[in-house]
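*Asks:* Okay, sequence plus prediction incoming.
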Amino acid sequence: MHKPGKGGPLDPATICRSSDPMAVRELLTKIGDKWTIFVVLSLDLLGGRARFSELERAVPGISQRLLSSTLKNLERDGMVVREVFPEVPPRVEYELTDLGLSLLLPTQGLVDWAKTNWEQVREAQSRYDAR
């Protein structure tokens, strides 16, 4: 195992501080997706539970297909539960699980960081692009 700054490649397990860095990377890729972040935060803002149509209105720019896919992935990963009510037409609601709720704090922290630093990033991009 290499220490940072000593040259050579770093062991992925060291970077992730995990015995299964590929699993960590896979999960970070899923939860770091822009639609996942918006859906989770929107569910929270809607009281932790919402209908598909409410989420579609709450998440700017998302298509029905992408919302459906994101919700299925969140359900598969145990962060959302889906409940179908026997009505005509059927009513479907999605709710954050305890695991999904545990994602709120770090997700909101990342959004807050982006909100605070987007101007600095844009300025850096402008300087870079001007070279």
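*Replies:* In hand now; what should we look at?
*Asks:* What mean pLDDT does the lengthiest helix in the chain get?
*Replies:* Longest helix in the chain, counting residues (DSSP state H): helix 104-130. When pLDDT is averaged along helix 104-130, the result is 94.
*Asks:* One more: stretch 31-48?
*Replies:* On average, the pLDDT along stretch 31-48 is 92.
*Asks:* For the chain, just list every one of the strands.
*Replies:* 49-51, 80-85, 91-96 (DSSP state E).
*Asks:* Mind checking these for the one nearest to Thr36?
*Replies:* Nearest to Thr36 among the strands of the chain is strand 80-85; the distance by C-beta to C-beta comes to 10.1 Å. Backbone N, C-alpha and C define where each C-beta goes, glycine included.
*Asks:* mind listing what that closest one pairs with, with the direction of each?
*Replies:* strand 91-96 (antiparallel) (DSSP bridges).
*Asks:* Quick check: buried residues in the partner strand?
*Replies:* For strand 91-96, a neighbour-count test (16 or more other C-beta atoms under 10 Å) marks 94, 96 as buried.
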